[in-house]
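Trainee: What shape does this take:
(2 chains)
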Amino acid sequence: MLNDRKASELVTKSMRRALTDEETGLLAQNLTDSKELEAFAKISHKIQISAVEIASLVEQGDRTLGPGLSDEAKDRLRGLIQAAQSGEIDLPELEPGQTQAQENSLKRTTQLPAAGGPFWSRRMVAEQPGAYQGEGDARVGESRYTLIRPLGKGGLGNVWLARDERLKRNVAIKELNAETLASEVSWQRFRREAEITGLLEHPSIVPLYQYGLDKNTGEPFYAMRFVGKRTLADAIIEHHEKIRAGELDDAHLGLHRLLNIFLDICQAIAYAHSRGVMHRDLKPENVALDNFGQVIVLDWGLAKLSEDGELIHHLSRESNLADKALAQTVDGEVVGTPLYMAPEQASGDLDHIDERTDVYGLGGILFSILTGCAPHESSGEGARTNLKEVLKVIAESRSPEPSDYAENVPRQLESICIKSMAFKSHLRYERVSQLSDAVELWLAGQSEKKSRYEDLRMAGRELRADLQSTIRDLETNARFMSRLPPIQELITAEVEQDVAVWRERLTTIYTGLLTAKSDYQTISYCRIEAGLCTEIVRVERHSTDHSNIRPVPRSRLRQIKTNSFLETVIQQKPEEVLTSLVCDNDSEPEENCFGDEAVHLVAAVPVYDQNTEEPYGVVLIDCDIDRVMRRQVSQHATTCEIVIACDIHQVMMRSHFGHVVEDSISKRVEEETPHFCQAVSALEHHLEFIDETNAEIYGARLWLTTSRHGVMYLLRSERNKNRA
Amino acid sequence: MFLSLAPGKETKAKALLRMSNNPSSAPDLQAAALPPDQWVDQYGDYLYRYAHSRLRDANAAEEVLQETFLAGIRHVDQYAGRGSQRGWLLGILKRKIIDHVRLRAKHAQARSYEDEPDPTLHLFDAQGNWKKDAFRWSPQPDEQIQEVEFRQILQSCLDELPETQRTVFQRSVMDEKDSEEICKELNITPSNLWVRMHRARLGLAKCVETKWLKEKESLGHAE
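Mentor: Numbers count the residues shown, from 1 in each chain, chains lettered A, B, ... in the order given. Modelled structure (predicted):
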C-alpha cells in the first residue's frame, strides 16, 4: 500500500498514460481507500479536459476566453508596424524560429532609434513584491518606472533614463542586457553590484534607490540617481581638443578642473577602501559628472571585497561570488576593458589584487587627463588585436609614461602618474590618500607657483620697460644735442677763435649732460667725410672714476674709419636717431664682435649743414649698458635668475638673487643656461615667452629702434632652479 | 475515465471539440493576404488572446506580439499563401512564445525547484498522508458543472500558479508536447519536469476546488 503522497504521484502519472500495470493496480486500490485521492483524481481529470478545451477554443479564436488588445496596445502596434515599414526601425535579421536570446539582442539594438516613440515609451518596469529593497530601504509596494530613453550600454547591462511615477522624478534604471541575461553569473554580478553600491554611502558614489525584479519579466533591475550622461571621458576629450586648438588659457584652467575631479574620485575610492571594497574597473567612462560639479563613481560590478572588510558580511548569499567567478564571464574572458588594467589584473594574478590595483587605475585616469589617451591604448596596436595578446603585453611590459604620449606634461604630475602606475605594485603609492595628497600638493604649489610666476612676468616686463625708457631718453637727448646752436656754428666758423668759442660752449653743454646722466659714458660731435670719422668735440666719463667727467683735448681727439653703423647713421634724415649695441672696436655685435670686449649702447643722430643742407657729421651718445643692466638686476631681479642676452644669444649679463655672475659674460645662452633654450628659440619670432606648462621661465625681447638688433631678458624663478 | 486520457486521445478530443463547439468560427482567410498595416485590426485580438493564454501576462503577450509582427514584416515574402495568413502569423507567434518561455526558464535556473512553492507541504503531513480536508471535491452525479464557469476558474488558477509549474503544465497539456521536448526547451531534467508537473496538478486541483466550492457556497447563500 502506498502512502497518499506516492499515490497522488501516480494520479499525475496516469494523466500521461505512463503507468505500469503494477502502478495501475496500486492506484486503483488507493483510489478505493482514499476519498481525498479520488477527489484529486476527479478534479485533475476535469482540469485536463478543460485545459485542452481552452487551448482549442483559443486557437479557434473564441472571444469569451479573455479580452483582446486594448486600444492603446493597438495604437502602439500600429505605430510599430508603420515604423517598421517606413524603415525607422531595423527589422530582425534572423529567420523566424530564432532563439529568443538572439531576437532579444536584435530587439535591444533596434529599439534605440524608436526610443521615446509610442512603442517603447510606455515600457514599464515594476518591482516584484518582496523583492530586495536595499539596506535601510523600507519602501515597498507598487513603485513603477517608465523607461524614457537609453542612456548607455555597458558590458553587463544597459542604463535607461526612467521616470519614477511614484515620486515624480527622473531616475536611472540599470538592467541586464540581452547578452548577459542568459548567464547566471551575470545575474549574480548584477545583484552584487547593486548591493555593494547600496552599501557605499558617499557623496561621490551613486546613491542606489531600489533593487528589484521586474514584475512582468522577472528580470533584475536597480534604480539609482540620474546624474546625466556626461562622463569624465567626455571632459578629457574636450580638454585635449582645446589644447590642440591652441586655447591655452582654457586648457590651463581645464587641467585644474580635471585634477579637482580626480581628487573627488580619489576621495570616493579611499572611502570604499576604508570599507574593504576595491573597485577594480576605474576608468574615465565610469565617472559621471553632473552639471553642478558633482562627481559620481559608477559601475561597482567588478568590485572586490576584502576578506577582513566589514561589507563582506553584509552581502547576500547570492551576491557573495567567488572572486574568480566574478572576474570571468561565462565564456571565460576577462571582464572589463584592458585599457586601464593593472598588470596583476591582466595576468590574472587575483591573489595580488589589493588597494594598489585601484591606485594603478587612478594613475590610469591621471594618465588620461594628462595625455588624452588611455594608458594601454597602444598595447592593442599592430597585430595584437586578440584580447589575450593585449593582456599579455600589459602583464609583461613596463607601464607607459605620459610623456611618451603627449608633450608639455607637467613634470611633477608625470612623476606622480608614473609612481601610481608602477609595474610592481609595491612601488606604487600604498594608499589612495597618498596619491591624492601628492596631486593636491601639486595643485597648491601651482597656485603659489602661479602667483610667483606672475611676479616673474612682472619683473621681466619691468626690465624691458626700463630699458625701453632708457633708450627713449637716450634718443631724445641725442636729438637735442644735435640741434644745439654750436653744432651749426662749428660747421660755419672760419676763424680759429670762433671755433674755440663754439667748442667750449658745446663742451660745457655736453659736460652738463654727462653730469646729469650717470649712465652716459661719452658724448661726441664728429665730422664724417671720405670714410673717416673725425671728432670735433668729445666729453667723456673717466673709465674708473665715475664722477670724473672731462672734455677731451683737441690733441686727443680721434679720427677713425667709419663703420657700417656710422655709415647708416649719416644716411638718415635730420634728427633720425639710430640706437644700437656697439662693441669697443666700434663695430656692431656681429659674429666678429664680442670676445672680451665690452658692449655699448650707442645712440647716433646725423647733423646736416643748414646752409648746404648736406650731411655733415653725427652726434653720438654712448650709454654704459653694463651699468644700466647692473642697476636693473639689483632692483628688479632679486628673486630670480636673470640672463640678458643680445640677438646672437651672447650673454650680456647673468645674475642670481640680484648678484651678477661675472664669468658668464661673453658666453652663449645655450652653453651657459640650456634651460632657457626653448625661450630663446621662441623669442626669435615673438616679443614674449610664457611658460604655460611649468610656469618657471619667462622671456621678453626688446627691438632697438630702427635696428635689426635687440636685447633678450630671460628670467627663471630661483625656487625652481635646481629642478630642471 | 480519466485514466484513459492519453496524449493521442487528447488530440482527437481537441479535434472533436473544435468541430462541435464552433463549427463556423474559422473564417476562410486562406486567400486573404492582408498588408501589415491591417494585421492589428484583423489578427491582433486573436493572436493576443493566444499569447495571453500561454504566457498569462499582458505585457509579455504584447511583447511577443510585437516581435511576431516585426518578424512577419521581415519575412512577409515567405508567406506562400498555402494556408491562412492568420495561421502563418500564429506559427510565428508560437515560436516567439517558446523562445520567450525558454529565456525565462533560463533565468529561473538560478533557483532549484526545491525553492519553488510546493503545494504538497499544505496537502500532506510529514508521513505523506493527506491532511484533513486536503480535498473535498465530490460533485454529485446530477450536478451540472458549468463548463464556462469552470474554464474561468481554471484560467484564474493558472494565473496564480508559479510560472515554472504553469509552463510545464501548459506545454504538456495545452500544447501536447512530449516530456523530452519540454525538457529540451526548458533545459531541465525529466525528474525536474516530473516534480514540477505534479506540483502544478496538485496546486491547480486545490485552487480550482477552493474556488469552485467558494462559488457554490456564495450561490447557495444567494439562493
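
Trainee: tell me the domain ranges of the chain?
Mentor: Because you didn't say which chain, this covers chain A. What the record gives for chain A is the domain set A:4-65, A:71-114, A:196-206+A:231-449, A:463-627, A:637-720, from automatic domain parsing.

Trainee: look at chain B instead
Mentor: With domains defined by automatic domain parsing, chain B comprises B:28-108, B:116-129+B:140-222.

Trainee: Which residues does the helix or strand hosting A:Val633 contact?
Mentor: Counting by DSSP states H and E, the element that carries A:Val633 is helix A:625-636. When contacts are taken as Cβ atoms under 8 Å, 6 or more residues apart in numbering or on different chains, the neighbours of helix A:625-636 outside the stretch itself are A:459, A:462-463, A:466-467, A:470, A:518-519, A:581, A:598-601, A:642, A:644, A:652-653, A:655, A:658, A:660. C-beta here means a position set from N, CA and C on the backbone, and glycine is covered the same way.

Trainee: A:Gln60: neighbouring residues, count only.
Mentor: By other Cβ atoms under 10 Å in any protein chain shown, 16 other residues sit near A:Gln60.

Trainee: tell me the secondary structure for the residue in the stretch 451-600 of chain A that chain B sits nearest to?
Mentor: With Cβ to the nearest Cβ, the shortest gap between the stretch 451-600 of chain A and chain B falls at A:Ser451, namely 61.1 Å. At A:Ser451 the chain is in helix, as set by DSSP: H, G, I helix; E, B strand; the rest coil.

Trainee: who does whichever strand or helix holds A:Ile296 touch, helix- and strand-wise?
Mentor: When secondary structure is defined using DSSP H and E, the element that contains A:Ile296 is strand A:295-297. Helices and strands touching strand A:295-297, as assessed by 3 or more Cβ pairs under 8 Å, 6 or more residues apart in numbering or on different chains; DSSP states H and E, comprise helix A:248-274, strand A:287-289.

Trainee: And the residue nearest to the spatial centre of chain B, how close does it get to B:Glu176?
Mentor: Nearest to the centroid of the C-alpha atoms of chain B, with distances taken as Cα atoms, centre = their mean, sits B:Gln170, at 3.8 Å. B:Gln170 sits 10 Å away from B:Glu176, going by Cβ to Cβ, to the nearest Å.

Trainee: How about A:Glu195?
Mentor: For A:Glu195 relative to B:Glu176 (Cβ to Cβ), the value is 44 Å.

Trainee: Among these two, which residue is more densely surrounded?
Mentor: Neighbour tally, A:Glu195 and B:Glu176, criterion other Cβ under 10 Å: the higher count belongs to A:Glu195, 24 against 15.

Trainee: Give me the three-state assignment for the more buried one.
Mentor: The assignment at A:Glu195 comes out as helix when based on three-state DSSP.

Trainee: Now that we're looking at it, what pLDDT does it have?
Mentor: Here, the pLDDT recorded for A:Glu195 equals 85.

Trainee: Then the one 4 residues further on?
Mentor: Residue-level confidence at A:Leu199 comes out at 85, pLDDT.

Trainee: count of neighbours near it?
Mentor: Here the number of neighbours of A:Leu199 (other Cβ under 10 Å) works out to 21.

Trainee: Pull stretch A:654-673 out as CSV, backbone CA atoms only.
Mentor: Once side chains and other backbone atoms are set aside, the C-alpha atoms of stretch A:654-673 remain, and they are given as CSV (Å, rounded to 0.1, in the frame of the first residue of the first chain):
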residue,chain,number,x,y,z
ARG,A,654,73.7,87.0,-15.8
SER,A,655,72.6,87.3,-12.2
HIS,A,656,71.4,85.1,-9.3
PHE,A,657,69.4,86.8,-6.5
GLY,A,658,70.4,90.2,-7.9
HIS,A,659,74.1,89.4,-7.9
VAL,A,660,76.0,89.4,-11.2
VAL,A,661,77.8,86.2,-12.2
GLU,A,662,80.9,87.8,-13.7
ASP,A,663,82.3,84.9,-15.5
SER,A,664,79.3,84.3,-17.6
ILE,A,665,79.7,87.3,-19.8
SER,A,666,80.5,86.6,-23.4
LYS,A,667,79.3,83.0,-23.3
ARG,A,668,76.3,81.9,-25.4
VAL,A,669,73.0,81.3,-23.7
GLU,A,670,72.9,77.7,-24.9
GLU,A,671,76.2,76.9,-23.2
GLU,A,672,75.6,78.8,-20.0
THR,A,673,71.9,78.3,-19.4
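
Trainee: average pLDDT across it?
Mentor: On average, the pLDDT along stretch A:654-673 is 76.

Trainee: so where do the helices sit in chain B?
Mentor: Along chain B, the segments classed as helices by DSSP state H run B:7-21, B:39-55, B:58-74, B:85-108, B:120-123, B:147-160, B:163-169, B:179-186, B:190-222.

Trainee: Flag the shaky bits of chain B, pLDDT-wise.
Mentor: In the prediction, chain B carries residues with pLDDT under 70 at positions B:1-32, B:80-82, B:106-116, B:139-145, B:219-223.

Trainee: hey, least reliable of the domains of chain A by pLDDT?
Mentor: domain A:71-114 (a mean of 57).

Trainee: Could you measure from A:Ala395 over to chain B?
Mentor: Taking Cβ to the nearest Cβ, to the nearest Å as the measure, A:Ala395 and chain B are separated by 33 Å.

Trainee: Tell me the secondary structure of that residue, please.
Mentor: Classification of A:Ala395 using three-state DSSP returns helix.

Trainee: Tell me who's in contact with it.
Mentor: Under the criterion of Cβ under 8 Å, 6+ apart, the contact list for A:Ala395 reads A:343-344, A:346-347.

Trainee: among the residues you listed, which are in helices?
Mentor: Among these, the members found in helices (DSSP H) are A:343-344, A:346.

Trainee: related to what we said a few turns ago, could the helices of chain B go into a markdown table alongside mean neighbour count and distance to A:Ala83?
Mentor: Formatted as a markdown table, the entries for the helices of chain B read as follows, by neighbours: other Cβ atoms under 10 Å in any protein chain shown; distance: least, Cβ to Cβ, whole Å:
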| stretch | mean neighbour count | distance to A:Ala83 |
| --- | --- | --- |
| helix B:7-21 | 13 | 37 |
| helix B:39-55 | 22 | 13 |
| helix B:58-74 | 23 | 10 |
| helix B:85-108 | 21 | 18 |
| helix B:120-123 | 15 | 49 |
| helix B:147-160 | 16 | 32 |
| helix B:163-169 | 23 | 31 |
| helix B:179-186 | 16 | 32 |
| helix B:190-222 | 18 | 40 |
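
Trainee: Would you reformat these as a markdown table and include distance to chain A?
Mentor: What follows is the helices of chain B, written out as a markdown table (distance: least, Cβ to the nearest Cβ, whole Å):
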| stretch | distance to chain A |
| --- | --- |
| helix B:7-21 | 5 |
| helix B:39-55 | 3 |
| helix B:58-74 | 4 |
| helix B:85-108 | 3 |
| helix B:120-123 | 6 |
| helix B:147-160 | 5 |
| helix B:163-169 | 7 |
| helix B:179-186 | 8 |
| helix B:190-222 | 4 |
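
Trainee: all strands of the stretch 101-250 of chain A, in order?
Mentor: Listed from the start of the chain, the stretch 101-250 of chain A has strands (DSSP state E, counting those that start in this stretch) covering A:124-126, A:144-153, A:157-164, A:169-176, A:208-213, A:220-225.

Trainee: Redo those as TSV? Include mean pLDDT.
Mentor: Supplementary listing: the strands of the stretch 101-250 of chain A in TSV, determined by pLDDT from 0 to 100:
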stretch	mean pLDDT
strand A:124-126	50
strand A:144-153	78
strand A:157-164	84
strand A:169-176	86
strand A:208-213	84
strand A:220-225	88
